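Chemist: Predicted model and sequence follow; I will ask about them next.
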Amino acid sequence: MNFQECLDVFQMDNCVFEKQCKIQGTFKDNVHFSNSHFYDYADFHECEFEKMASFYGVTFEKAPNFSACYFKEQKAVNLINVDIDKLNFKSVENYIKDNYKDKNYKDEINKTQNEKSISKIENKYKLKCAKDCKDSFRVIKDVLTNQNNTLEAQEWHKLELYAKEKELLFEVENCHSKNNMRLVAIKSQDKNSINLTVDLLLLCIYRITSLHHTSFTRIINFTSWNIAIFGILIYLMSLLSLSFNEKSIFWFWGIFIFIITSMVIVWKVFERKKLYAASLISCTFVIFLASIYLVINMTILSSFWYITFAALAYCFFVIILCYFYSCIETKPKLFYWLNCIVYIILISIIIVKPQLINPFIGVFSSDKIYESQLEKKLNDFNTSAILNLAKISQKDFNLSMDYKDISFTELNSAKKALIDNKENITILQDEKLKIAKEFLGDKYEQILQTINQDEIMQKTIKPTSILYSIILLLCVFSLQKTARKNSIVS
């Protein structure tokens, strides 16, 4: 329906629109669409409503278009009970896919046969369509905000941000196509593909974690998943540290292959989304980490390689979580059972290590995450073994198998001396090593394994827990912001 002016009351209450509906014109009197149902696209762009416009109880199955609409009396617009429950990020994608091929697009496409030119034209009109879609949601959001209907306004604002995310994606592609560059492209003095990609990734993270601070349950689930992943990582690292051998070529190349494989996966994920700048960032990151890994394994810093590995492993798991979280959520049964598993792990963490849910633990008290196993191991040894180990730690090899009348004070002093000088136990060679093994037997190997485990875990947990604290703090910030935005108390 296309008309220049409608002077009378326009009434289409309780109507069902099964096909695409396009209405354009100026309405001089009241307009009624109450309780109508739009199964396909409803296009009201450039309409002017000078008096009351009632959309009471209207259901939109697909994204409507109110772009460039003008409501003279915003207080007279009735948007009560408008049903947009089926509108989501996929709806925005489908709207752009179905509506960007307008008459101007077809005219331009018919004038060229070059594939690159066609791609540029497609991207140009997809970007235009995304901007129209964003403006459509903004118009309704502004009307609701003007009516002090904040809760409903934020639902339309969420849709507006979905459209903004798609707009940024097309702008990034536009940068590359105009400059014929795959990774870094300049759009203007203050905009380039990397800056735009960072903004895009930020919107993407907010959408995945909390639907732009509109879903409290979603951010609670994501935070729980994050805590569970870190808890599992700490547990796995403690298991690996028991069997790890720094000199083993298997461990060296196994971990190196894991680093490369994980970042290739991240690269492919970004490339599939045409986020070439993000691919550049991840590629630079993996080259940096791989270089550090190779260098420290060939120098005296070789004992610090696992810090790089643990930090990368945690980053990798968080990226994978962000990417697959929204995909898993579309499968209700799988999502339900995975959430059950995550909350079981979370409850276990709260019981066993409640300090993990403290977002400041990585900054101020990371040593509380892992308790040294050396002292626990010493409690399993007899008195003579403890005293002999204490002597070895102080470079005294006058060992004995028979110690009598040893007080608790002396035993505790020996344990303290052993713990303070444990490094001396790990560097024994030749004759001294032979003496230690002769007197201690398997206990010497056990204590070496425990010292090695403690060293790996203590050096690994500090940087990894700082990274975990940053992510958890962001989750807590998102939690409070989501709770505040969804509160009826302003």
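Modeler: Happy to help now that I have it. Numbering: from 1, shown residues only.
Chemist: CA atoms only: put stretch 414-427 into CSV for me.
Modeler: Provided in CSV are the C-alpha atoms of stretch 414-427 (Å, rounded to 0.1, in the frame of the first residue of the first chain):
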residue,chain,number,x,y,z
ALA,A,414,63.9,-30.6,59.9
LYS,A,415,60.8,-30.3,57.8
LYS,A,416,61.1,-26.5,57.7
ALA,A,417,64.8,-26.7,56.7
LEU,A,418,64.0,-29.2,54.0
ILE,A,419,61.2,-27.0,52.5
ASP,A,420,63.4,-23.9,52.6
ASN,A,421,66.3,-25.6,50.9
LYS,A,422,64.4,-28.1,48.6
GLU,A,423,66.3,-26.9,45.5
ASN,A,424,69.5,-28.5,46.8
ILE,A,425,67.7,-31.9,46.7
THR,A,426,67.0,-31.6,43.0
ILE,A,427,70.6,-30.9,41.8
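Chemist: Show me where the stretch 101-250 of the chain has its helices.
Modeler: Secondary structure of the stretch 101-250 of the chain (DSSP state H, counting those that start in this stretch): helices at 103-110, 115-146, 150-179, 193-210, 216-243, 249-272.
Chemist: Can I get the ones you listed in JSON lines including distance to Lys62, mean pLDDT and mean neighbour count?
Modeler: The way it works is simple: take the backbone N, C-alpha and C, and place the C-beta from them, glycine included. Compiled in JSON lines, those are given as follows (distance: least, C-beta to C-beta, whole Å; pLDDT from 0 to 100; neighbours: other C-beta atoms under 10 Å):
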{"stretch": "helix 103-110", "distance to Lys62": "20", "mean pLDDT": "85", "mean neighbour count": "12"}
{"stretch": "helix 115-146", "distance to Lys62": "11", "mean pLDDT": "89", "mean neighbour count": "19"}
{"stretch": "helix 150-179", "distance to Lys62": "12", "mean pLDDT": "84", "mean neighbour count": "21"}
{"stretch": "helix 193-210", "distance to Lys62": "19", "mean pLDDT": "81", "mean neighbour count": "20"}
{"stretch": "helix 216-243", "distance to Lys62": "23", "mean pLDDT": "82", "mean neighbour count": "18"}
{"stretch": "helix 249-272", "distance to Lys62": "26", "mean pLDDT": "63", "mean neighbour count": "15"}
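Chemist: Show me the one of those that comes nearest Lys416.
Modeler: Closest approach to Lys416 among the helices of the stretch 101-250 of the chain (C-beta to C-beta): helix 216-243, 23.6 Å.
Chemist: if I look at Ile84, how far off is Ala130?
Modeler: From Ile84 across to Ala130, the span is 18 Å (C-beta to C-beta, to the nearest Å).
Chemist: for the residue nearest the centre of the chain, what are its contacts?
Modeler: In the chain, the centroid-proximal residue (C-alpha atoms, centre = their mean) is Cys322; its distance is 3.8 Å. Each residue near Cys322 by C-beta atoms under 8 Å, 6 or more residues apart in numbering is listed here: Cys204, Ile205, Ile208, Thr209.
Chemist: pull the longest helix from the chain.
Modeler: helix 442-485 (DSSP state H).
Chemist: Quick check: phi and psi at the closest residue in space to Asp43 that isn't next to it in sequence.
Modeler: With C-beta to C-beta, 6 or more residues apart in numbering as the criterion, Asp43 has its nearest non-adjacent residue at 4.2 Å, and that residue is Lys22. The phi and psi values for Lys22, taken as degrees, to the nearest 10, are phi -120, psi 120.
Chemist: Which of the helices of the stretch 101-250 of the chain sits closest to Thr409?
Modeler: With C-beta to C-beta, the closest approach to Thr409 among these belongs to helix 216-243: 32.1 Å.
Chemist: The closest one packs against which elements?
Modeler: Secondary-structure packing of helix 216-243 (3 or more C-beta pairs under 8 Å, 6 or more residues apart in numbering; DSSP states H and E): helix 193-210, helix 305-329, helix 332-352, helix 442-485.
Chemist: Next, count neighbours for Ser215.
Modeler: Neighbourhood size, Ser215 [other C-beta atoms under 10 Å]: 16.
Chemist: tell me the contacts of the closest residue to it other than its chain neighbours?
Modeler: Spatial nearest neighbour of Ser215, chain neighbours left out: Thr482 (7.0 Å); criterion: C-beta to C-beta, 6+ apart. Applying C-beta under 8 Å, 6+ apart to Thr482 gives the contacts Ser210, His213, Thr214, Ser215, Phe216, Ile219.
Chemist: which ones are touching Glu375?
Modeler: With C-beta under 8 Å, 6+ apart, Glu375 has these contacts: Lys415, Ile419.
Chemist: Now name the helix or strand holding it.
Modeler: If you go by DSSP states H and E, Glu375 is part of helix 374-378.
Chemist: That helix: how far from the chain's middle?
Modeler: Here the centre of helix 374-378 is set off from its chain's centre by 38 Å, with C-alpha atoms, centre = their mean, to the nearest Å.
Chemist: highest average neighbour count across the helices and strands packed on helix 216-243?
Modeler: helix 193-210 (a mean of 20; mean count of other C-beta atoms under 10 Å).
Chemist: Restricting to C-alpha, output it in PDB.
Modeler: Output of helix 193-210 as PDB, limited to C-alpha atoms (Å, rounded to 0.1, in the frame of the first residue of the first chain):
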ATOM      1  CA  SER A 193      40.000  -2.800  10.100                       C
ATOM      2  CA  ILE A 194      41.600  -3.600  13.400                       C
ATOM      3  CA  ASN A 195      39.800  -0.900  15.300                       C
ATOM      4  CA  LEU A 196      36.500  -1.900  13.700                       C
ATOM      5  CA  THR A 197      37.200  -5.600  14.400                       C
ATOM      6  CA  VAL A 198      37.900  -4.800  18.100                       C
ATOM      7  CA  ASP A 199      34.500  -3.000  18.300                       C
ATOM      8  CA  LEU A 200      32.900  -5.900  16.500                       C
ATOM      9  CA  LEU A 201      34.400  -8.500  18.800                       C
ATOM     10  CA  LEU A 202      33.300  -6.500  21.800                       C
ATOM     11  CA  LEU A 203      29.700  -6.500  20.600                       C
ATOM     12  CA  CYS A 204      29.900 -10.200  19.800                       C
ATOM     13  CA  ILE A 205      31.200 -11.000  23.300                       C
ATOM     14  CA  TYR A 206      28.400  -9.000  24.900                       C
ATOM     15  CA  ARG A 207      25.800 -10.800  22.700                       C
ATOM     16  CA  ILE A 208      27.100 -14.200  23.500                       C
ATOM     17  CA  THR A 209      27.600 -13.800  27.200                       C
ATOM     18  CA  SER A 210      24.500 -11.800  28.200                       C
END
